[in-house]
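> predicted model follows, preceded by the sequence.
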Amino acid sequence: MSKIERVIEDIKEILRNDTRGLTIQELSEQTNVSRITAAMALMKQDGAGLINVRVIGNCKLHYIRDVNNVDKKRR
């Protein structure tokens, strides 16, 4: 498993357990990687539709996407 894949899995687990929304800085500190690496992992997850991003001022809060809600909306 590559470093970015490990970070993606770590971030998924963190976001599942913390539903208040976390910034790139907070996620980088919790995964012990740089903000750039955390941002790259988040961009991949956002592109894959796995997370939601809420922009508040100059801050982005990241949340795990509720797969059950997405499926219900598509029907």
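Received, thanks.
> CA only for contacts and neighbour counts going forward, please
Fine.
> any stretches of this structure with poor pLDDT?
For the chain, the stretches with pLDDT under 70 are 67-75.
> where do the strands sit along it?
51-56, 59-64 (DSSP state E).
> what about the top helix by length along the chain, distance to the chain center?
Under DSSP state H, the helix in the chain containing the largest number of residues is helix 3-17. Between the centre of helix 3-17 and the centre of its chain there are 8 Å (CA atoms, centre = their mean, to the nearest Å).
> over to stretch 27-35?
On the basis of CA atoms, centre = their mean, stretch 27-35 is displaced by 12 Å from the centre of the chain it belongs to.
> buried residues, that stretch. List them.
Residues of stretch 27-35 classed as buried: 27, 28, 31, 33, 35 (neighbour count, 16 or more other CA atoms under 10 Å).
> next one: stretch 45-61
45, 46, 51, 52, 53, 60.
> tabulate these in JSON lines, adding columns for distance to residue 13.
Shown next, in JSON lines, are these (distance: CA to CA, whole Å):
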{"residue": "45", "distance to residue 13": "13"}
{"residue": "46", "distance to residue 13": "15"}
{"residue": "51", "distance to residue 13": "12"}
{"residue": "52", "distance to residue 13": "15"}
{"residue": "53", "distance to residue 13": "16"}
{"residue": "60", "distance to residue 13": "18"}
